[in-house]
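Participant: My questions are about this predicted structure, shown below with the sequence.
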Amino acid sequence: MSAQFGLDFIALPRLVTVRQVSAAHEGRPHTDSASKVATLLLYMHSGWASPEGRIRVLRRESLADPVAEVSPEAGNIFAFLRGEHSWHGHTPFVGERRVVQVAWLRDAAALERKRRRGLLAWRLKGLFGRH
């Protein structure tokens with residue numbers, strides 16, 4: 001990552017998230033939060049057959065005009081620096097879509113906020129059930 005993007009990623013706090021399932025509301029076009037420096041997605045789904053659920057690099061907040069598309073096929077990697085115009089997303093897909101997400105954050109405070117938020121979400125899902 002450091003060689004690819006010309007930044008010292010070793011010095012940045014890192015958050016690793018493992019996802020297994022995609023819900024209908026996920027994948028809407030977005031740019032990552034300003035607390036992120038970069039994101040790497042490592043896909044883990046062997047035998048991906050669906051035309052849906054593929055991550056798209058976008059020119060703007062629309063899935064209709066992608067610059068590039070990456071299938072969540074096992075071993076595919078998608079990495080990018082976060083910016084005001086780093087639009088990305090995927091078409092709706094409901095079901096198993098395995099991915100390891102690595103986010104490099106601006107500072108330790110951002111990492112702690114994201115960890116607390118993730119823990120709260122995990123607890124609420126356990127309390128109210130996964131949908």
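Facilitator: Here it is on my side, so go on. Everything quoted here is computed from the prediction, not taken from an experiment.
Participant: any idea how far stretch 4-23 is from the chain center?
Facilitator: When C-alpha coordinates are averaged (CA atoms, centre = their mean, to the nearest Å), stretch 4-23 and its chain have centres 9 Å apart.
Participant: Would you mark the buried spots in it?
Facilitator: Phe9, Leu12, Pro13, Leu15, Ser22 (16 or more other CB atoms under 10 Å). Just so you know, the C-beta spots here come from the backbone N, C-alpha and C atoms, and that holds for glycine as well.
Participant: Take these and write them to CSV, including distance to Ala110 and pLDDT.
Facilitator: Converted to CSV, the buried residues of stretch 4-23 look like this (distance: CB to CB, whole Å; pLDDT from 0 to 100):
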residue, distance to Ala110, pLDDT
Phe9, 15, 94
Leu12, 10, 94
Pro13, 7, 95
Leu15, 9, 92
Ser22, 25, 92
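Participant: burial of His88, as a residue count?
Facilitator: The tally of other residues near His88 (other CB atoms under 10 Å) stands at 22.
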